[in-house]
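Asks: Take this sequence and fold it.
(chains A and B)
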Amino acid sequence: MLHTLSIAELGRLLSAKEISSIDLTHHFLARIERLNPALNALITLTGDAALAAAALADARRARGENGPLLGIPLIHKDIFCTDGVRTSCGSRMLDNFVAPYDATVVARLKADGAVMLGKANMDEFAMGSSNETSYYGPVRNPWDTTKVPGGSSGGSAAATAARLAPFATGTDTGGSIRQPAALTGVTGVKPTYGRVSRFGMIAFASSLDQAGVFAHSAADAALVLQSMAGFDPRDSTSIDAPVPDYAATLNAPLAGLKIGLLREFFEGLEARNSALIHDALKIYRELGATTVEVSLPHLPMSVPTYYVVAPAECSSNLSRFDGVRYGYRCKNPKDLLDLYTRSRGEGFGAEVKRRIMTGTYVLSAGYFDAYYLKAQKVRRLITDDFRAAFTQADLLIGPTTPTPAFAIGAKIDDPVTMYLNDIYTIGANLAGLPGLSLPCGYVDELPMGLQLIGPHFSEAKLLNAAHLYQGATDWHRQAPRGYES
Amino acid sequence: MSLTRQDVEKIARLARLSITEEEMPVYVTSLSSIVNFVDELARVQTDQVEPMAHPLDGQQQRLRADVVSESDHHEKYQTNAPEVQAGLYVVPRVIE
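Replies: Numbers count the residues shown, from 1 in each chain, chains lettered A, B, ... in the order given. Alright, predicted model coming up:
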């Protein structure tokens, strides 16, 4: 039952030599082999390299080294470049791309001895909220395989929920860690913009993208984030500031903590979802926190703002895929323009092309001021709203998603309905704030997420608040049926 | 605002994307609905508001010393290229 243990418990077994990293890696590889076919959560398996990395971790332990992630298996979202391993970003465009270097996130976790088992499925170029836009087919939610796991980091979320690894990496541009974490009943952390390096993480919207973690608890996530976070000179927006010891403050008392309830998050919220949030608030009051209602009047504009800013940045970023230097190239191009347009037209899927065209439109002559510049102004108003809210509250609490996981196929033909699924998560990306989603109960027997949002660089406080909630509840320990043992 | 087929053809041309006959009506409809949706932004009063391009506003662009920090990896990088000759990327002839 190694997959039910926390990272700290696994670390104790490893350092006591009761198990080896090789044993642990075999255990999770066997689970992946048995359980992944029904989920499609992983699209590349690296079993041989994993066993070699595990042997190395065991050798390091034998030499007396010790570290919280030394010998602990993980799964990387396939958006992170992994040296010598296919890095597809869920796209036909990169189906044949073998990354020639490691992303900083990959390199840091590797240096700390974490063992990569494989690469996780994802929405194509991280554009999607259901993991249905992947070239490799949809990921299925382990709680109900007719439902989506959320997206874009749907493979990482489903794999974590199914206990295919102790943790997985993800990225969050508009909710792509928090939303799938909520829909699969795991803990997901999106750090402050700039806290974790974006180097080697295939770019979608560069002013919004941030790497983070899926884990089975806030305490596990704290250990992983400790390894991932920190300054990287190779990322021009990386923040050069010390990283606090996240594990050290997990048990700090919450007495006096002021929790802000976002009025706009509760307006129109379904009663059963609202009841779960109020149950969580009751626990926080018992832990000594107080609550205050706050308002972010511009928050309802966050989805339209995002769907101008993110496509604009994506249309620029994805212009690098031209069929010349790497990636898909069409057959028999008749000239250079044909090579560009058909390589891109055939290499990208429907949603990616839709976003590139949306972005191209809002940046084009005659529309730039009305859309792109306008959205950048509204982005500031939303950010200012958050700043004002944090003068009244230490952190904000609300739902992560409006509904539990929806059926595969239910929203894929209606982009605006799909986009509105990110209504509660997008604000934090626009303002660059850290956010965390943790399981807080069920609606229709499907997990729901409680979202915490804090000021810039408040990851330690978010993890602390999540950890104490998880000390008083056991939602995070519940696995979907069929994946416990 | 509703986009026409001509609008979408122009956008696709600017974006260097070939769009098939079957895809075209889907994009005319869905891009129109997205543009209608983001048109809501026009209702927000933004006079005197500075556009925000980056979430950490005050951050300075870092500079580094002008010294070599990377070695040459072109052979490794070009293993991903569709076609290479003598260390150069090959594309269809541009100049007759």
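
Asks: ok, and the closest non-adjacent residue to the residue in chain B that chain A sits nearest to?
Replies: Closest approach between chain B and chain A, counting by C-beta to the nearest C-beta: B:Pro55, at 2.6 Å. Bear in mind the C-beta positions are built from the backbone N, C-alpha and C, glycine included. Computed as C-beta to C-beta, 6 or more residues apart in numbering or on different chains, the closest residue to B:Pro55 that is not its neighbour in sequence is A:Gly432, at 2.6 Å.

Asks: now the nearest residue to A:Ser153 once chain neighbours are set aside, which residues is it bridged with?
Replies: The shortest distance from A:Ser153 to any non-neighbouring residue, by C-beta to C-beta, 6+ apart, is to A:Gly170 (3.4 Å). Beta-bridge partners recorded for A:Gly170 (DSSP bridges): A:Gly212.

Asks: about what we covered before: what's the spacing between the residue of chain B closest to chain A and A:Asp209?
Replies: To A:Asp209, B:Pro55 is 11 Å away according to C-beta to C-beta, to the nearest Å.

Asks: can you check A:Ala393 too?
Replies: 27 Å.

Asks: For chain B, which segments are assigned as helices?
Replies: Under the criterion DSSP state H, chain B carries helices at the ranges B:5-14, B:23-38, B:74-78.

Asks: Pick out the residue of chain A closest to chain B.
Replies: A:Gly432 (2.6 Å).

Asks: show me what contacts that residue?
Replies: A:Thr192, A:Tyr193, A:Gly194, A:Thr383, A:His456, B:Pro55, B:Leu56 (C-beta atoms under 8 Å, 6 or more residues apart in numbering or on different chains).

Asks: and if you look at A:Ala57?
Replies: A:Ser21, A:Leu70, A:Gly71, A:Gly113, A:Val115.

Asks: per-residue pLDDT, it?
Replies: Note for A:Ala57: predicted pLDDT of 98.

Asks: Show the contacting residues for the nearest residue to it once chain neighbours are set aside.
Replies: Nearest non-adjacent residue to A:Ala57, counting by C-beta to C-beta, 6+ apart: A:Gly71, 3.6 Å away. Shown in contact with A:Gly71 (C-beta under 8 Å, 6+ apart): A:Leu14, A:Ser20, A:Ser21, A:Leu24, A:Ala54, A:Ala57, A:Asp58, A:Arg60, A:Arg61, A:Gly113, A:Val115.

Asks: What is the most widely separated pair among those?
Replies: Distance extremes for those: the farthest pair is A:Leu24 and A:Arg60 at 14.2 Å, using C-beta to C-beta.

Asks: Tell me if I'm right that A:Tyr306 and A:Ile423 touch.
Replies: No - contact criterion C-beta atoms under 8 Å: A:Tyr306 and A:Ile423 do not qualify, at 9.8 Å.

Asks: returning to what we had before: in strands, which of the contacts of A:Gly71 fall?
Replies: A:Val115 (DSSP state E).

Asks: Neighbour count for A:Leu24 and A:Arg60, which is higher?
Replies: A direct count of neighbours by other C-beta atoms under 10 Å in any protein chain shown for A:Leu24 and A:Arg60 places A:Leu24 higher, at 24 against 16.

Asks: Just give me the residue right at the centre of chain B.
Replies: Per C-alpha atoms, centre = their mean, the C-alpha nearest to the average position across chain B is that of B:Ala15, at 7.1 Å.

Asks: could you check the distance from that residue over to A:Pro333?
Replies: Counting by C-beta to C-beta - B:Ala15 and A:Pro333 are separated by 17 Å.

Asks: do A:Ala114 as well
Replies: 42 Å.

Asks: Give me the more crowded residue out of the two.
Replies: Between A:Ala114 and A:Pro333, counted using other C-beta under 10 Å, A:Ala114 has the larger neighbour count: 30 against 17.

Asks: contacting residues around that one?
Replies: Counting by C-beta under 8 Å, 6+ apart, A:Ala114 has contacts A:Leu69, A:Leu70, A:Ile72, A:Pro73, A:Leu74, A:Ser227.

Asks: cool, A:Gly427 as well?
Replies: A:Leu296, A:Leu299, A:Ser302, A:Ile382, A:Phe386, A:Leu433, A:Ile453.

Asks: Check for me that it belongs to a strand.
Replies: No - counting by DSSP: H, G, I helix; E, B strand; the rest coil, A:Gly427 is not part of a strand but helix.

Asks: pLDDT at it, what is it?
Replies: 97.

Asks: With A:Tyr367 as the reference, measure out to the closest residue in space to B:Arg5 that isn't next to it in sequence.
Replies: Excluding the flanking residues, the one nearest B:Arg5 by C-beta to C-beta, 6+ apart is B:Val28, at 5.5 Å. Shown here: B:Val28 relative to A:Tyr367, a distance of 17 Å by C-beta to C-beta.

Asks: Could you do A:Gly441 as well?
Replies: Distance from A:Gly441 to A:Tyr367, by C-beta to C-beta: 44 Å.

Asks: can you check A:Gly260 too?
Replies: For A:Gly260 relative to A:Tyr367 (C-beta to C-beta), the value is 36 Å.

Asks: Please say which of these two ends up with more neighbours.
Replies: Counted by other C-beta under 10 Å, A:Gly260 and A:Tyr367 do not tie: A:Gly260 has more neighbours, with 23 against 17.

Asks: Residue most distant from the centroid, chain B?
Replies: Max distance from the centre of chain B (C-alpha atoms, centre = their mean): B:Val67, 30.7 Å.

Asks: Excluding chain neighbours, what is closest to A:Ala221?
Replies: In space, A:Ala221 is closest to A:Ala215, 4.1 Å off (C-beta to C-beta, 6+ apart).

Asks: Okay, now the unreliable bits of chain B?
Replies: Counting by pLDDT under 70, chain B shows no low-confidence range.

Asks: switch to 80 and redo it
Replies: Within chain B, the segments meeting pLDDT under 80 span B:1, B:57-61, B:96.

Asks: just the strands in the stretch 1-150 of chain A please.
Replies: Taking DSSP state E, counting those that start in this stretch as the criterion, the stretch 1-150 of chain A carries its strands at A:42-45, A:73-77, A:115-120.

Asks: follow-up on the earlier one: compare A:Ala393 and A:Asp209 (neighbour count), which wins?
Replies: Taking neighbours as other C-beta under 10 Å, A:Ala393 and A:Asp209 compare with A:Asp209 leading, 25 against 22.
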